[in-house]
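Participant: my questions concern the predicted model and sequence given below.
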Amino acid sequence: MTFAHILLQWFEENKRKLPWRNETDPYKIWVSEVILQQTRVVQGIDYYHNFIAHFPNVNALAAAPESEVLKVWQGLGYYSRARNMHVAAQTIANEHLGIFPHHYDEIRKLKGIGDYTAAAIASIAFNLPYPAIDGNVLRFISRYFGIFDNIALNKTRKFIVEKCRTLILPDEAGTFNQAMMEMGATQCTPQHPHCENCPFQSSCFASIHQQVENLPFKQHNITIKNRYFNYLFFIHQQKTVIQQRTANDIWNNLYELPLVETPTAEFDIHSFIQQQNIVCEDDPKMAWETKHILTHRNIFAKFFVLPVTKIPKLTQNQIVIDLKDFKKFPVAKITERFMMRLGELKSNITII
DNA sequence: AATGCGGGGTA
DNA sequence: TACCCAGCATT
């Protein structure tokens, strides 16, 4: 039995049933792959169905306004994925006659498609023999061959790509790649892998040499930075003001309340409204204080309710909207949570 | 080669 | 808490 045959037999017996399995439409395979970038399968499934329902094909996606795409993506995170997919859809519509490109090099050129996603689409949709190396495969292969190099390095990743090129079953590249990822995702897991019933137990370096806990090797050096966001919820006759984020920063192109970012938690709302000549009918109140935890950021946010005599526009990019229209705009999770709380706040804060 | 980019599940 | 998820773009 070759490596590939052991793998495929295990896969046949153990594969999960997923919405995009047995899918042949490259568009849908593309959507599933992008959704699953740095995202767990269980987290992505609902978004996959929803996305396909809204944008059933590449031309529908290309024709949609960006805000609509972001709205469907709302809550999933890494929003550049949605923006890049939108751009790529327009590239396919305009330069490929709306037909998803059939060659690896053409697929790889599309915005938001890197080495992994290009190989995944090429192999799964078109059965082209490109090994798809994601985090699951890096872990599985580094353990199987006993590769102690830092898997964060491009050099190591390329080495593992070449290893997999020798293992891949060219005629069943799509199935092979999915099986490799499934092996890493469900059998060769990060913590407490199930070596006791693994078909590679007797041939795996890490299993034989008791090195499973030490592989893959990676150095963890992410620095978590604190940021302090003070959001202003102006309210006057069921109207408020929002703005679109356009800086090269977190939540790019999503909407939010007017924001005052401060270097520390220190923020005096009273002196701020005085400086800005904002006239309130009643004292501004802090309605919600929360800590929003991300992989590389801790965002300490405060939301202030400002019952004003007139809705102010502090900057050009801000727009005045009816409260009931707030939910039409794509927003980050933290703003979504604040909107959810508005209903609860209404019973406590008389001015809303 | 290193950093920024979300949000959530798991131990 | 720390880790990490069917990664990619930018610098």
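Facilitator: Looks like it arrived, so ask away.
Participant: show me the shaky parts of the stretch 1-150 of chain A.
Facilitator: Filtered on pLDDT under 70, the stretch 1-150 of chain A yields no residues whatsoever.
Participant: mind listing what's buried along stretch A:86-93?
Facilitator: For stretch A:86-93, the neighbour count (16 or more other Cβ atoms under 10 Å) marks A:His86, A:Ala88, A:Ala89, A:Gln90, A:Thr91, A:Ile92, A:Ala93 as buried. For glycine as for every other residue, the C-beta is placed from the backbone atoms N, C-alpha and C.
Participant: how about TSV for the residues you listed, with distance to A:Cys188 and secondary structure added?
Facilitator: Formatted as TSV, the buried residues of stretch A:86-93 follow (distance: Cβ to Cβ, whole Å; DSSP: H, G, I helix; E, B strand; the rest coil):
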residue	distance to A:Cys188	secondary structure
A:His86	35	helix
A:Ala88	32	helix
A:Ala89	34	helix
A:Gln90	39	helix
A:Thr91	36	helix
A:Ile92	35	helix
A:Ala93	40	helix
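Participant: out of the residues you listed, which is nearest to A:Asp322?
Facilitator: Nearest to A:Asp322 out of the buried residues of stretch A:86-93 is A:His86 (Cβ to Cβ; 26.9 Å).
Participant: residues in contact with that closest one?
Facilitator: Contacts for A:His86 (Cβ atoms under 8 Å, 6 or more residues apart in numbering) come out as A:Leu61, A:Ala62, A:Ala64, A:Glu66, A:Val69.
Participant: buried members of the residues you listed into ChimeraX, please.
Facilitator: Selection of buried members from the contacts of A:His86 for ChimeraX, criterion 16+ other Cβ under 10 Å:
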select /A:61,62,64,69
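Participant: can you give me the strands for the stretch 201-350 of chain A?
Facilitator: A:225-235, A:239-244, A:255-256, A:259-262, A:285-293, A:297-307, A:318-322 (DSSP state E, counting those that start in this stretch).
Participant: any chance of those in CSV, plus mean neighbour count, distance to A:Phe145 and mean pLDDT?
Facilitator: Listed next are the strands of the stretch 201-350 of chain A as CSV, based on neighbours: other Cβ atoms under 10 Å; distance: least, Cβ to Cβ, whole Å; pLDDT from 0 to 100:
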stretch, mean neighbour count, distance to A:Phe145, mean pLDDT
strand A:225-235, 19, 36, 96
strand A:239-244, 19, 48, 96
strand A:255-256, 20, 47, 98
strand A:259-262, 14, 47, 96
strand A:285-293, 14, 36, 95
strand A:297-307, 19, 36, 96
strand A:318-322, 14, 56, 95
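Participant: can you redo those strands as JSON lines with distance to DNA strand C?
Facilitator: Putting the strands of the stretch 201-350 of chain A into JSON lines (distance: least, Cβ to the nearest atom of the strand, whole Å) gives the following:
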{"stretch": "strand A:225-235", "distance to DNA strand C": "12"}
{"stretch": "strand A:239-244", "distance to DNA strand C": "19"}
{"stretch": "strand A:255-256", "distance to DNA strand C": "21"}
{"stretch": "strand A:259-262", "distance to DNA strand C": "20"}
{"stretch": "strand A:285-293", "distance to DNA strand C": "8"}
{"stretch": "strand A:297-307", "distance to DNA strand C": "9"}
{"stretch": "strand A:318-322", "distance to DNA strand C": "26"}
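Participant: now tabulate these in TSV and tack on distance to A:Phe205.
Facilitator: Shown next, in TSV, are these (distance: least, Cβ to Cβ, whole Å):
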stretch	distance to A:Phe205
strand A:225-235	38
strand A:239-244	51
strand A:255-256	49
strand A:259-262	49
strand A:285-293	36
strand A:297-307	37
strand A:318-322	58
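Participant: domains of chain A?
Facilitator: Under the assignment automatic domain parsing, the domains of chain A span A:3-214, A:225-348.
Participant: of those domains, which stretch is the most buried?
Facilitator: Comparing the domains of chain A by mean neighbour count (mean count of other Cβ atoms under 10 Å), domain A:3-214 ranks first with a mean of 17.
Participant: report whether that domain contacts DNA strand B.
Facilitator: Yes: applying Cβ under 7 Å from any atom of the strand, one finds domain A:3-214 touching DNA strand B at A:38-40, A:42-43, A:75-80, A:152-155, A:191-192.
Participant: if we check DNA strand C, which of these are in contact?
Facilitator: Among the residues of domain A:3-214 next to DNA strand B, the residues within reach of DNA strand C (Cβ under 7 Å from any atom of the strand) are A:Gln38, A:Thr39, A:Arg40, A:Tyr78, A:Ser80.
Participant: ok, back up a step: between the strands of the stretch 201-350 of chain A, which gets nearest to A:Leu8?
Facilitator: Per Cβ to Cβ, nearest to A:Leu8 of those: strand A:285-293, 40.1 Å.
Participant: residue contacts, whichever residue of the stretch 51-200 of chain A sits closest to DNA strand C?
Facilitator: When distances are taken as Cβ to the nearest atom of the strand, the stretch 51-200 of chain A reaches nearest to DNA strand C at A:Gly114, 2.5 Å away. Contacts for A:Gly114 (Cβ under 8 Å, 6+ apart) come out as A:Arg108.
Participant: go with 10 Å
Facilitator: Taking Cβ atoms under 10 Å, 6 or more residues apart in numbering, we find A:Gly114 in contact with A:Gln37, A:Arg108.
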